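*Asks:* Generate coordinates for the sequence data below:
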Amino acid sequence: MAEERETTRTEAVTRRIMKYIRQSRMGPGMRLPTETACMELFGVSRSTLREAVKMLVARNILETRQGSGMFVSPRQGIPDDPLGLYFIYDDIRLDLLNVRLLIEPTVAKLAAERATAAEILAIREAAERTEKCIEAGVRYGEADMAFHRTLAAASGNRVIARLAVAIEQSIEENIAYAGGFTEVNTMHFHRKIVEAVETRNGMQAYYFMTRHLALFRERFDEKEETRAIDNA
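*Replies:* Below you'll find the predicted structure:
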């Protein structure tokens, strides 16, 4: 019974912390008050607060940094596999790419039309980080994901931004499967998309994102045809 009461108390504190974040309109990366201040603010012991924080970290609502404190997670509560893709046992890379083709050209168009000056700068910086990784010959999947995530955030549509996070896990797999041509494709079209966003040309942003992803789709089709011939 004591354990159940402690669990209930911890869950109540997690709800209070979430309410505090929402009422304070805290965004990703914003820091919560110190542990001592939170203990006083929420009227709880150190151990209960820490258990609540652990639960919120597990839910991607908070993240903790050694020596720095507690921060709102960039994922803002989006689970690692919100669509349950892990339990689809067949190869779904092509399905995910087709979903990206449905969503991301519109994301790019909206970003071109709605992005703030700060968001445009962030989009350019994300594209440049990807390019630097490619030029250095190191894995660039994480930087590539950040570029697409930044575009989604700049779209101004919060639901689309969360959908983009849900499907972005396919990017690294697409890069690995499509092979070496992806570096040139990525650098060229990321630059074109950035230019379209900077000039507020929504239709060009839509077109270049479509071409960027369509080339991946063509590469997938080529590999499937080759596989079919080899297995014939």
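
*Asks:* which regions of this structure sit below the pLDDT cut-off?
*Replies:* Filtered on pLDDT under 70, the chain yields the residue ranges 1-7, 79-92, 166, 168-170, 172-181, 223-232.

*Asks:* Kindly recompute the last result at 50.
*Replies:* Applying pLDDT under 50 to the chain flags residues 1-4.

*Asks:* Which parts of it are strands?
*Replies:* Per DSSP state E, the chain carries strands over the ranges 62-65, 69-72.

*Asks:* residues contacting residue 101?
*Replies:* By C-beta atoms under 8 Å, 6 or more residues apart in numbering, the contact list for residue 101 reads 210, 213-214, 217. Any C-beta I mention is one placed from the backbone N, CA and C, and that applies to glycine too.

*Asks:* Just the ones in helices from the residues you listed, please.
*Replies:* Those of those mapping onto helices are 210, 213-214, 217, per DSSP state H.

*Asks:* So the residue most central in space within the chain versus residue 147, what's the distance?
*Replies:* With distances taken as C-alpha atoms, centre = their mean, the residue of the chain nearest its centroid is residue 165 (3.5 Å). Distance from residue 165 to residue 147, counting by C-beta to C-beta, to the nearest Å: 13 Å.

*Asks:* ditto for residue 129
*Replies:* 8 Å.

*Asks:* Counting neighbours, which of the ones in helices among the contacts of residue 101 comes out on top?
*Replies:* residue 213 (21 neighbours; other C-beta atoms under 10 Å).

*Asks:* Please name the spatially closest residue to it (chain neighbours excluded).
*Replies:* residue 101 (5.0 Å; C-beta to C-beta, 6 or more residues apart in numbering).

*Asks:* what about the helices in the protein?
*Replies:* In the chain, the helices defined using DSSP H lie at 2-23, 35-42, 46-58, 93-114, 117-136, 141-154, 158-167, 170-178, 182-198, 202-231.

*Asks:* Buried residues in the second one, which are they?
*Replies:* Which is helix 35-42. 38-39, 42 (16 or more other C-beta atoms under 10 Å).

*Asks:* repeat for the first one
*Replies:* Neighbour counts over helix 2-23 (16+ other C-beta under 10 Å) mark 10, 13-14, 16-18, 21 as buried.

*Asks:* cool, and the last one?
*Replies:* Buried residues in helix 202-231, counted by 16+ other C-beta under 10 Å: 202, 204-210, 212-213, 215-217, 219-220.

*Asks:* Ends of stretch 29-43, what's the gap?
*Replies:* 24 Å (C-alpha to C-alpha, to the nearest Å).

*Asks:* what's next to it, contact-wise?
*Replies:* 13, 16-17, 20-21, 26, 45-46, 49-50, 62, 68-72, 74.

*Asks:* Who are the contact partners of residue 28?
*Replies:* 72-76.

*Asks:* Including distance to residue 111 and neighbour count, could those go into CSV?
*Replies:* Putting the contacts of residue 28 into CSV (distance: C-beta to C-beta, whole Å; neighbours: other C-beta atoms under 10 Å) gives the following:
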residue, distance to residue 111, neighbour count
72, 22, 20
73, 22, 18
74, 18, 15
75, 20, 16
76, 19, 16
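
*Asks:* nearest to residue 193, of these?
*Replies:* residue 74 (21.5 Å; C-beta to C-beta).

*Asks:* tell me the contacts of that closest one?
*Replies:* 28-29, 63.

*Asks:* which one of the buried residues of helix 35-42 is nearest residue 54?
*Replies:* residue 38 (13.6 Å).
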